[in-house]
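# coordinates only, sequence not included:
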């Protein structure tokens, strides 16, 4: 299964259109056809995944590579937060850089 674009090294997104599985880059718009052994599967979130997600969220505030955004924290009103996408739905979670409050983007 191809995860990253050969041209720009960005994460590929999965597309299932007309019963065909493809991997698409949203940056350079390159599309890759799936190979015979590529499949989509559902993974159920278990307690170990929840612990891993919790660790990622707690560490991302101090990680220089985590995306910063100018967004107001609902708790302390600080205007800088870091953003992380987690889970099978890739929900965007914001973490305040001042008070470490975490909230889901709406």
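Structure received. Treat the numbers as computed from the prediction; the structure is a model and nothing was measured.
# What segments of this protein are strands?
12-17, 20-25, 31-33, 67-69, 81-86, 91-96, 102-104 (DSSP state E).
# need those strands in CSV with mean pLDDT and mean neighbour count, can you?
Every residue, glycine included, has its C-beta placed from N, CA and C. Shown next, in CSV, are these (pLDDT from 0 to 100; neighbours: other CB atoms under 10 Å):
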stretch, mean pLDDT, mean neighbour count
strand 12-17, 82, 13
strand 20-25, 86, 16
strand 31-33, 89, 12
strand 67-69, 88, 12
strand 81-86, 87, 19
strand 91-96, 89, 18
strand 102-104, 89, 14
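# Roughly how far does residue 79 sit from residue 98?
Distance of residue 79 to residue 98, computed by CB to CB, to the nearest Å: 9 Å.
# swap in residue 30?
Distance, residue 30 to residue 98, using CB to CB: 39 Å.
# ok, now residue 36?
As judged by CB to CB, residue 36 and residue 98 stand 50 Å apart.
# Of these two, give the one with the bigger neighbour count.
residue 98 (14 against 5; other CB atoms under 10 Å).
# nearest residue to the most centrally placed residue in the chain other than its sequence neighbours?
Central residue of the chain (CA atoms, centre = their mean): residue 85, 3.0 Å from the mean position. Of all residues not flanking residue 85 in the chain, residue 92 sits nearest, at 5.6 Å (CB to CB, 6 or more residues apart in numbering).
# Need the outlier residue of this structure, farthest from its centre.
Max radial position in the chain (CA atoms, centre = their mean) goes to residue 36, at 26.1 Å.
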